[in-house]
Structure formats: structure tokens, C-alpha cells
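K.L.:
Any chance you could fold what I've pasted below:
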Amino acid sequence: MSSKKYSRTLHDARRFRVTPRMSEDLVIDFLESLDCPRALTVAMLYRHGEHQQLAELEFNPDLYRDVWAMRDAYAATLFLSKFEDLKLDKDLDEAAYEKFEKFELLCKQTNHRFMDLANDPLYRGVIVELHGAVQRKIAKILGDFSPDEFFDFGRWGPGATTLIKGRSASSTNKFLREVGITRDLFDLLSNGKGVTYLTEVYPLWGYHLLEAGFPNFQVGCKVITVPKNAKTNRVIAVEPGINLWFQLSAGAMIERRLLRWGIDLSKQERNQQLAKEASVTGLLATVDFSSASDSIAKGLVEELLPKRWYLLLDSLRSHFGKVRGGWRKWNKFSSMGNGFTFPLETLIFYAAALVCKEYLQIEGSVSAYGDDVIVPSAAYDLFSRLCEFYGFKVNPDKSFYQGFFRESCGAHWYRGIDLKPIYLKENVRTVQACYKLANSVLELSHRRNNRFGCDIRFKRLHDRLTHLVPKSTQLLVPSGFGDCGFVCNFDLAVPTIQRAKDRPASKWVEGYFVAGLFDVAKSHEVDHIGLHLTRLWGLRDSDDSQTSRADVRDFAISISMRKLRDKPLANTDVYRGQTKKRVIRFLVRQWPDLGPWL
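P.N.:
Numbers count the residues shown, from 1 in each chain. Below you'll find the model as predicted:
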């Protein structure tokens, strides 16, 4: 951890601030490094305060014949596309709510469609056959489930709930205080008898819940906005805590079943690799949707999912939501913020894409990661028609099925060439912001040279960033360890050697000691059952543990009997959103070389 050796580093890091003028100059420096017409356009709009035009800039890959010119224009267009400090003519929250209402109305229309499906004008011809096939495909993917599985995979999410605010939303605090639940979920857990199964399934926590005032009935979720990009914010739902625990459990159950079909929602590499292949062959399309999470209509889920699965998810979700002070009943089934929305939308899109491919009897991979879908290009039109019938809107600006440009899950490719841009999300103000921008520029320059050295056009900006911060904070680190210092090559860093502990005089080298600047969460001592429950539940997540839920339950019963809840736990919990700066020395085994500036 930090010592007197790094006291100057910490002092300078806390006091250092980049001036607004200097931050603006850094943006211009990056655009000048690209040195292309689109970069000049972006620079002029930014410099002269034409931020509305800047936010509305669009990129069309079909307008470029030279891939290198396309790459520069693409990087310039997207560099400030998520910049939070643009001054726009419209209110970002208002834009988010306007879009939210638009898709809530779309869900209402979708619900009406499935209430009288036979008379719907879109339910004709091939759509009838595809719809039945999607129902069968989803039933095959999901299969059945057991109550034990449902109770095994509950967990807390990282954010706030309707009763616990964001700064207090640690797992420890949620185990201690969370008692919020909707009546639908309470009825499911109590089987209509008023006594929940929680005391049987989670003995220690279940009895603590009763002591803490459970149930505290919640009407539903609360809708808030969070930053998305320069043009609009994003609407998300803050769910009741106990609902969220079981929503995440149901989501994990869906994820496990998708994994058997090759869809791993813990990784994005499959979609990214398929997008690269598609950019070379043109045989696969990358499809993206507008507000897919807000387009999952209640009637659609009821129509597609097996009855038992639908009833389970329907009991877990919030049927009502509070929007800008008023309560309303949702036309959508769930939204972003619900613990099972992401796996559910992945399931629907994957099943629909797979059915379209099989109907056309064509070759090609199918994949889905949320609303990032990959289908054979020949199936794009049919898949789009089916999704329109289901109430989803394909985003034409981010969907590609012609030409050789493809984008999926943050990967951007043209004919196998990596076009992935970097984003500046806020003004550069601190030492760590300088680290982040410098490292992003270095990585971009390395990719642009096909990972053989670094593009020398970015050297001036990189050098300016490294010399902008105080000398005591110019920490040098290898790539792959985050933005805790300036990433550099081994020869420039000359780190301290760490030799084998049992052979101090040996020439065998275990690695190198490196110092990095980190924001560490502030912690405080706790002495309550919430921390104990967090540690207990953590037993089942340990990689080297074979602990089953029954083992955890038996252990909990024995602890409860010994009344350990009355003894000091002598441990710490963290404050969410509150950090302090620390210089930490850590050991690295390898030091990747990015090569020289070329």
C-alpha cells in the first residue's frame, strides 16, 4: 500500500487539475493527429461551440473507398459522441423520457396485437409459421426448472433499490436492511398463506428479514435516468430489493440454458469475432435495435414463453412504475434495471434469428448478446420482419448487412481491419483522466499499426499528456492493468525485480514490482448480521468451493443456534461511490512490448 515514499505522489495527484482550456486543446490535438476532413469538421464545430451539430454528426461507411480514410473519419466522428460536457439545445432527460414514452406506446400496440392475433394484418403467411417455430425453439432452450434452482442463484445487484439509496447499496447493507417486495412476489413465496418459504430456504436471513420488518410492500419500480451518450440519457428502473434478488436468479437460470446452446452472456468475444469474419466475407449481418429493453411487451412474453416460465417471471417483475412522480401500469414486461431483462431479450432474439436461418435452410452462424444480434445476411430481411411483428425496431444506423463494415459488442471492423474508436466521455481534469486518455491513444495507435509498433502521428499528443501531470505522478505500468499509470514499454519503465523468495540470491526472476495510482473504496467497521450473511452467501461463489446450498443452510442454522449475531464481527464494509487515492505496488509476471513509434 501507500508509504512515505509515495506521499508526494498522492499530494500532487489530489491537487492537480487540468484547466478547461488545456482540456479543449487536448481534444483538438487528437483531431489534428487524425488529420482528415471529418476531423477538421469536428474540430471546428467543437471549437466554435456548435455542439448540437456535433452531436448529430453521422457516419456512412458506404461513402468511403479508402479504408484508411474511413478509419480516420470514423475515429473523429465517434470521439466526442459520448462527451457529457457538450452544451446542447435540448434537455437530455426530456429526450430520454420522450423516447421512453414512444416505446411504451409501441408495447401497448404489441399487446393489442396478441390479444386478437388472428385478425392482425401482420400475422399472415410466413410469419405464422415462424411464430410457432419460435415458441417451440424457446420451449426447447428453456426446458423446465426446479424450485431449488430458483433459490440457488439469487444475488444482489450493484445498484440502488426502491428502499436503499445508491451510496448505501452494498451487499452487506442490503442483507441488513432490505425488505422491499411487491405483493405478486410475496404471494409466490408464501403460497397465499402469508408465511414465506424464506425462513426454510435461507434460515438465518429469513428470520432476520422478519425481525427487520419484512414485508415492506412496494407498488413497483421507480424510473430514473442515467447518462448514455451526447444526445440523450437512458431510462432505467430501480426495482424493489427482494424482487431484484430473485430477478437476477431467474436471469441466471436463463443464462445457464443459453450457455448450452453456445451463447455465453459472460463474454462478448463470440459476437466480436463473428463480426470480424462478417466484415471479410459479407455473409453475416450485425443487427442492432432501438431501445430493445423497453420494447419487450407483456403480450409478447406471454405468447412466446412456456406457461410456467411466464408465470414465474410475471411474479418477479414490477407491474407498476413511478415516472416523474406518477404511478402507471406497464405495457412493457420489463425494462433495463430488471434483473432478467438482458437474458430474456437475448433468448427472444436468439430464438427468432435461429428460426429464420432454419426456415431459409441456409448456412451461417447465429449469435445474440442482448440486442446485438448476428444472423446470416440472407436472413436479415426475414429476421427484421419477424422482429417488427414482435414489436421491436431495428436500428438502421447500427445494423449492417451489405458491404463490408460490421459492428457488434463494441467491435468495429471493415474487411478484417480493426476500426474500433476511442471515446472521450468528459473533460480531462485529473491525473487519472490523463492516464486514461494517454493509454487509450497509445492502444489506438498500436491497433492502427496492426499491433506492430505505434502510429507516430499520435506521439505528440501522448507525450503532451505524459508531461502534463506532475513528475511525481508519472507512474509507468505495463498494459493490461488498467489506467493506474502511463502504459509504456519495459525499457522505458525499468521496474524493480522481484526474485524468488526461497532463493534470494538466485537469478530466477518471478516478476517485477510496479507502483500504480488507484481509487480505493472507503471502508468502515461494521458489527451486524448483514456482513455475516454476505460472507455466508459468498461461500457458494468461491471457485475452489464445492459448497452446496444445503451446506450453507446447515452452516447458517448452526451459527444461528450459537447466537453469533450478538458477537462483534470485526470486519469492514465499503462506502459505495466514496473513494480515496492510494499508491499500490503490485507484482507483474510479464511486460508486453508495444513496439516503437513508427
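K.L.:
For stretch 272-284, which outside residues touch it?
P.N.:
285-286, 364-365, 367, 374-377, 402-411, 413-417 (C-beta atoms under 8 Å, 6 or more residues apart in numbering). The way it works is simple: take the backbone N, C-alpha and C, and place the C-beta from them, glycine included.
K.L.:
For residue 456, which non-adjacent residue is spatially closest?
P.N.:
Excluding the flanking residues, the one nearest residue 456 by C-beta to C-beta, 6 or more residues apart in numbering is residue 597, at 4.4 Å.
K.L.:
and the gap between that neighbour and residue 448?
P.N.:
12 Å (C-beta to C-beta, to the nearest Å).
K.L.:
Looking at the two, which one has more neighbours?
P.N.:
residue 448 (21 against 16; other C-beta atoms under 10 Å).
K.L.:
Return the residues in contact with the more buried one.
P.N.:
Counting by C-beta under 8 Å, 6+ apart, the residues that residue 448 touches are 71, 455.
K.L.:
Please, where are all the helices along the stretch 151-300 of the chain?
P.N.:
171-177, 183-190, 198-201, 203-211, 241-259, 269-281, 298-304 (DSSP state H, counting those that start in this stretch).
K.L.:
likewise the stretch 351-500 of the chain?
P.N.:
For the stretch 351-500 of the chain, the helices defined by DSSP H, counting those that start in this stretch cover 380-389, 431-448, 459-468, 490-493.
K.L.:
for those, which one sits closest to residue 57?
P.N.:
Nearest to residue 57, of all the helices of the stretch 351-500 of the chain, is helix 431-448, at 19.2 Å by C-beta to C-beta.
K.L.:
Which one, of the helices of the stretch 151-300 of the chain, ends up nearest to residue 426?
P.N.:
That would be helix 269-281 among these, by C-beta to C-beta, at 26.0 Å.
K.L.:
ok, and for the closest one, which residues are buried?
P.N.:
270, 271, 272, 273, 274, 275, 276, 277, 278, 279 (16 or more other C-beta atoms under 10 Å).
K.L.:
hang on, the earlier thing: which strand residues sit across from the residue nearest to residue 456 in the sheet?
P.N.:
On the basis of DSSP bridges, residue 597 is bridged to residue 454.
K.L.:
residues in contact with it?
P.N.:
445, 453, 454, 455, 456, 459 are the contacts of residue 597 under C-beta under 8 Å, 6+ apart.
K.L.:
one more time with 10 Å
P.N.:
Residues near residue 597 by C-beta atoms under 10 Å, 6 or more residues apart in numbering: 442, 445, 449, 453, 454, 455, 456, 457, 458, 459, 462, 463.
K.L.:
Which pair in these has the greatest spatial separation?
P.N.:
449 and 463 (17.2 Å).
K.L.:
more crowded one of those two?
P.N.:
residue 449 (16 against 12).
K.L.:
which ones are touching the more buried one?
P.N.:
Contacts of residue 449 (C-beta under 10 Å, 6+ apart): 455, 456, 594, 595, 596, 597, 598.
K.L.:
Return the backbone torsion pair for it.
P.N.:
phi -100, psi 20 (degrees, to the nearest 10).
K.L.:
what's the answer for the one 4 residues further on, then?
P.N.:
Backbone torsions for residue 453, taken as degrees, to the nearest 10, come to phi 80, psi -170.
K.L.:
Could you count how many residues lie near it?
P.N.:
Around residue 453 there are 16 residues (other C-beta under 10 Å).
K.L.:
helices or strands up against the longest helix anywhere in the chain?
P.N.:
Counting by DSSP state H, the longest helix found in the chain is helix 92-115. Where contact means 3 or more C-beta pairs under 10 Å, 6 or more residues apart in numbering; DSSP states H and E, helix 92-115 is packed against strand 221-227, strand 233-238, helix 298-304, strand 320-323.
K.L.:
Pick the most buried one from these.
P.N.:
strand 233-238 (a mean of 23; mean count of other C-beta atoms under 10 Å).
K.L.:
Hey, what's the angle from that one to helix 241-259? Just curious.
P.N.:
110 degrees (axes from the mean of the first three to the mean of the last three C-alpha atoms, to 10 degrees).
K.L.:
For this structure, name the helix or strand with the lowest mean pLDDT.
P.N.:
Ranked by mean pLDDT, DSSP states H and E, the weakest helix or strand in the chain is helix 549-561, scoring a mean of 47.
K.L.:
Just checking: what are the partner strands of the helix or strand following that one?
P.N.:
Next helix or strand after helix 549-561 toward the C-terminus (DSSP states H and E): strand 571-588. Strand pairing for strand 571-588, using DSSP bridges, gives strand 509-526 (antiparallel).
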